[in-house]
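> give me a 3D structure for the following:
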Amino acid sequence: MRTIKKYKCRWDTIAGYTVALFLCSCSPASQWSPEIATALDMAGKNRRELAQTLKHYSRDAGDSLKLRAAEFLIANMPGKYSEYRDAAWNDIATVCMRWTSSSDKQHVLEAYNLGAPIRRYDIHHITSEYLIDNIELAFREWQNKPWCKNVAFSTFLEEILPYRIGTEPLENWRAKALASFADVNRAFINTPNTTALEACGRVNALLPKFHIDPDFPDMCYTQLMTTPRGTCTHLAALAAFTMRAMGIPVTLDYTPQWLNQNRGHTWNSVCDSAGRHIAFMGTEASPGQHHQGNTLTKAKAYRKTFAIQRRSPTTTDSTPPELRRTDFIDISHEHPECIDIQVAVRVPPQNGNEQIWLAEMGAMRWNVVAAGQLADSVATFSKVGKNCLYLPVYYRNRQLEPANAPFQLTADGTVNFIHPTSDFWDGSYLPDTAWLLQLKPTPLKEVPAKGLWRFDSPTDLGKAIIGRPLELNGPDIHPIQGENAGDGAIRIGRGSFLKCWHGISANGGGERVNNFTIKTRVRIQGGMTQAIFQTNTANSDHPETIITDTQTFGLVCYSTIPLRAGVWHELLISSGPERYSFFIDGRLVNEINKPVDDRFSLSPDAVIFFGDDGSFDNEIDVTEVAIWDTQLF
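Below is the predicted model of the structure:
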């Protein structure tokens, strides 16, 4: 037996271990818990490997905890799998590095002979040797580290023992990490006062720094170490692999959606000697340091688990896709900015058991972030974040239906309902993004602009409130009355345009400006098509975005929402590493996929506003132009 028992097992730490799956540790197969029996049945031809693992730890009463660990892994194995391509990692990584920018993706796959993705379910392929090695190494570090005398068995099961993080290919990552970090690991063993937080911080500082790239799949430990590219989830995964190998109890935590964005974020937590989880960001920020996971506004926080959370409801018909996973628990109570709230429900449930949900508005889209409890026309939602815009909803026929008007949860915990006042929403259906500026705590006021122009000086029309003055080009640009009394504006005629020296450096992983937001307020005449902006700074090409009073918004995207001639409209264009979004008066009218350094990316020196070398050059009135160096929506 390879276990090194430096610290005796503390049975008092097992009292918190409440998983009810493992009641028959040394019983014959017919008496395994239902979950284990189900897993053995699902294994088919691989049943022998799982049974061999259980048998291995059933021989010696001294291995009772290892048997419970084996039971935990097997009972929660269904549904877990590896997904990968049968090709050299160098080829896979090379393809991923240019995937978004690849114009002919099928040709790329064929050139590198990658083939179709392969999915291998653990329960059908994992071996007893792999499971036993994983258990032995995990126990050795748990029983050999000074801080682990305070790590409960229940914590060990979730935060040290699991053999995988996501859908990465399986490998003997524990042995590899222990070999690579042998000097650090040896120092931990020889320093009896080292805490888990101290160990976490020391290891985190040694991990490679990542280049953010959304095109990489889930990677195993060696792939992450050799190719440090990916998203926040990859950063967190590498930290978890490395630290769990050394007996440091680490989790992957996440929020499903950031405020003002249609994406979430993943970070880590380490369990300290008191059982508290202290957040950190793998490879970037150690425990106690500031990072996005513990500073930015979030609606909810969840923790990824290895254990299958057998919650109800979980069916497609009753649960929104965002919360259909079975591998997470709610940890919003660990974040002090999250509070319990109660809101009135105007629309009654269709039956007494109908579930109420809470949706949050991200970048112009409602996403379900939490389940609630409904009683007597009042919905209770546990631990939700302040400074967010929410909507209570039902999930019916795979669609969200509002149970009341949207509301803002303010910084002081007040629920402020926003009642229907807009032409775009009368309260009878799911409200869209028509109220952008009045509904949500808009980041346009929170994030400093790189440039802002309002044309309030008739003698200096290019004058900047923020940034450099606009360059006025052409013979026909003159001041007019703005939207309201006292507001300035300009009228730009045919053959004239504005050149903006924005001062934004190349970003988004390319040589051009890929992350930006442009906002402008304009008025057009009937029957005309007008350019909004052009990335060709010589004004010798067609524009990237156009508007008409019919139905077109965007040179390559079309909307059923026309602009009304003679009426002021607010246009917003938000560009990021994967997505280019178009809004009219706060309403999302279209989105396209955006590769890095494509035609929609700005030159790092300037951009043309309201200019075209052809038929999209017509008269337009403008009362405001603003630009940011980030994707705000």
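> and what about the residue in the chain sticking out farthest from the centre, helix, strand or coil?
Most distant residue from the mean C-alpha position of the chain: residue 475, 47.8 Å away (Cα atoms, centre = their mean). What DSSP: H, G, I helix; E, B strand; the rest coil gives for residue 475 is coil.
> can you check residue 353 too?
coil.
> so what's the residue count around it?
9 (other Cβ atoms under 10 Å). For the C-beta atoms, the positions are set from N, CA and C on the backbone; glycine is no exception.
> quick one on the thing from earlier: kindly provide the distance from the residue farthest from the centre of the chain to residue 493.
Note on residue 475: its distance to residue 493, by Cβ to Cβ, to the nearest Å, is 8 Å.
> all strands for the stretch 151-300 of the chain, in order.
211-212, 229-230, 250-255, 265-271, 277-280 (DSSP state E, counting those that start in this stretch).
> just the helices in the stretch 451-600 of the chain please.
For the stretch 451-600 of the chain, no helices turn up when DSSP state H, counting those that start in this stretch is the criterion.
> tell me who's in contact with the residue farthest from the centre of the chain.
Contacts for residue 475 (Cβ atoms under 8 Å, 6 or more residues apart in numbering) come out as 493, 495-496.
> of the residues you listed, which is the most crowded?
Going by other Cβ under 10 Å, residue 496 tops the contacts of residue 475 with 20 neighbours.
> what about the residue nearest to it when sequence neighbours are not counted, neighbour count?
Spatial nearest neighbour of residue 496, excluding adjacent residues (Cβ to Cβ, 6 or more residues apart in numbering): residue 474 at 2.7 Å. For residue 474, the count of nearby residues is 16 (other Cβ under 10 Å).
> ok, now how distant is residue 215 from residue 227?
Per Cβ to Cβ, residue 215 is found 12 Å from residue 227.
> how about low-confidence regions in the stretch 51-200 of the chain?
Regions of the stretch 51-200 of the chain meeting the criterion pLDDT under 70 are absent.
> in a markdown table: the strands of the stretch 151-300 of the chain, plus mean neighbour count.
Output for the strands of the stretch 151-300 of the chain, formatted as a markdown table (neighbours: other Cβ atoms under 10 Å):
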| stretch | mean neighbour count |
| --- | --- |
| strand 211-212 | 12 |
| strand 229-230 | 22 |
| strand 250-255 | 24 |
| strand 265-271 | 25 |
| strand 277-280 | 22 |
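> mind putting the ones you listed into TSV with distance to residue 324?
Converted to TSV, the strands of the stretch 151-300 of the chain look like this (distance: least, Cβ to Cβ, whole Å):
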stretch	distance to residue 324
strand 211-212	27
strand 229-230	24
strand 250-255	15
strand 265-271	18
strand 277-280	25
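> out of the ones you listed, which is closest to residue 51?
Closest approach to residue 51 among the strands of the stretch 151-300 of the chain (Cβ to Cβ): strand 250-255, 30.4 Å.
> give me the element the residue nearest to residue 540 when sequence neighbours are not counted is part of.
The shortest distance from residue 540 to any non-neighbouring residue, by Cβ to Cβ, 6+ apart, is to residue 613 (5.5 Å). Taking DSSP states H and E as the definition, residue 613 sits outside all helices and strands.
> residue 613 contacts residue 531, correct?
No - contact criterion Cβ atoms under 8 Å: residue 613 and residue 531 do not qualify, at 9.4 Å.
> if we can go back for a sec, what count of nearby residues applies to the residue nearest to residue 540?
Residue 613 has 15 nearby residues by other Cβ under 10 Å.
> just the CA trace of stretch 31-46, in PDB.
C-alpha atoms of stretch 31-46 as PDB (Å, rounded to 0.1, in the frame of the first residue of the first chain):
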ATOM      1  CA  GLN A  31     -26.200  -4.200  -1.900                       C
ATOM      2  CA  TRP A  32     -24.400  -1.200  -3.400                       C
ATOM      3  CA  SER A  33     -26.200   2.100  -3.200                       C
ATOM      4  CA  PRO A  34     -28.700   2.700  -6.100                       C
ATOM      5  CA  GLU A  35     -26.300   5.300  -7.600                       C
ATOM      6  CA  ILE A  36     -23.400   2.900  -7.700                       C
ATOM      7  CA  ALA A  37     -25.600   0.100  -9.000                       C
ATOM      8  CA  THR A  38     -26.800   2.400 -11.700                       C
ATOM      9  CA  ALA A  39     -23.200   3.300 -12.700                       C
ATOM     10  CA  LEU A  40     -22.200  -0.300 -12.800                       C
ATOM     11  CA  ASP A  41     -25.100  -1.100 -15.100                       C
ATOM     12  CA  MET A  42     -24.300   1.800 -17.300                       C
ATOM     13  CA  ALA A  43     -20.700   0.700 -17.600                       C
ATOM     14  CA  GLY A  44     -21.600  -2.200 -19.800                       C
ATOM     15  CA  LYS A  45     -18.500  -4.100 -20.800                       C
ATOM     16  CA  ASN A  46     -16.400  -1.700 -18.600                       C
END
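> residues of that stretch that come out buried?
Burial within stretch 31-46, assessed by neighbour count using 16 or more other Cβ atoms under 10 Å, is assigned to 32-33, 35-36, 39-40, 42-43, 46.
> out of those residues, name the two that are farthest from one another.
33 and 46 (19.0 Å).
> how near is the closest residue to residue 467 other than its chain neighbours to residue 626?
The shortest distance from residue 467 to any residue other than its chain neighbours is 3.3 Å, reached at residue 451 (Cβ to Cβ, 6+ apart). Per Cβ to Cβ, residue 451 is found 7 Å from residue 626.
> who has more neighbours, the two?
Ranked by neighbour count (other Cβ under 10 Å), residue 451 and residue 626 place residue 451 first, with 23 against 20.
> against residue 38, how distant is that one?
Taking Cβ to Cβ, one finds residue 451 at 61 Å from residue 38.
> try residue 611
For residue 611, the distance to residue 38 - Cβ to Cβ - is 65 Å.
> what of residue 619?
70 Å.
> one more: residue 331?
Counting by Cβ to Cβ, the gap from residue 331 to residue 38 is 28 Å.
> what's the answer for residue 104, then?
45 Å.
> go on, residue 593?
Taken as Cβ to Cβ, the span from residue 593 to residue 38 is 40 Å.
> could you pull out the helices for the stretch 1-150 of the chain?
Under DSSP H, counting those that start in this stretch, the stretch 1-150 of the chain gives helices at 34-42, 47-56, 64-75, 89-97, 105-111, 122-125, 128-142.
> now those in JSON lines, with distance to residue 510?
As requested, these are exported to JSON lines (distance: least, Cβ to Cβ, whole Å):
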{"stretch": "helix 34-42", "distance to residue 510": "46"}
{"stretch": "helix 47-56", "distance to residue 510": "47"}
{"stretch": "helix 64-75", "distance to residue 510": "43"}
{"stretch": "helix 89-97", "distance to residue 510": "12"}
{"stretch": "helix 105-111", "distance to residue 510": "18"}
{"stretch": "helix 122-125", "distance to residue 510": "38"}
{"stretch": "helix 128-142", "distance to residue 510": "41"}
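> of the ones you listed, flag the one that's most buried.
For the helices of the stretch 1-150 of the chain, the stretch with the most neighbours on average is helix 64-75, a mean of 23; neighbours defined as mean count of other Cβ atoms under 10 Å.
> how many degrees apart are it and helix 47-56 in direction?
Per axes from the mean of the first three to the mean of the last three Cα atoms, to 10 degrees, the angle that helix 64-75 makes with helix 47-56 is 160 degrees.
> using CSV, list the CA coordinates for helix 64-75.
Presented in CSV, the C-alpha positions along helix 64-75 are these (Å, rounded to 0.1, in the frame of the first residue of the first chain):
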residue,chain,number,x,y,z
SER,A,64,-12.6,2.1,4.4
LEU,A,65,-12.1,5.8,3.5
LYS,A,66,-10.5,4.9,0.2
LEU,A,67,-13.5,2.7,-0.6
ARG,A,68,-15.8,5.6,0.1
ALA,A,69,-13.7,7.7,-2.2
ALA,A,70,-14.0,5.1,-4.9
GLU,A,71,-17.7,4.9,-4.4
PHE,A,72,-17.9,8.7,-4.7
LEU,A,73,-16.1,8.7,-8.0
ILE,A,74,-18.0,5.8,-9.5
ALA,A,75,-21.4,7.0,-8.3
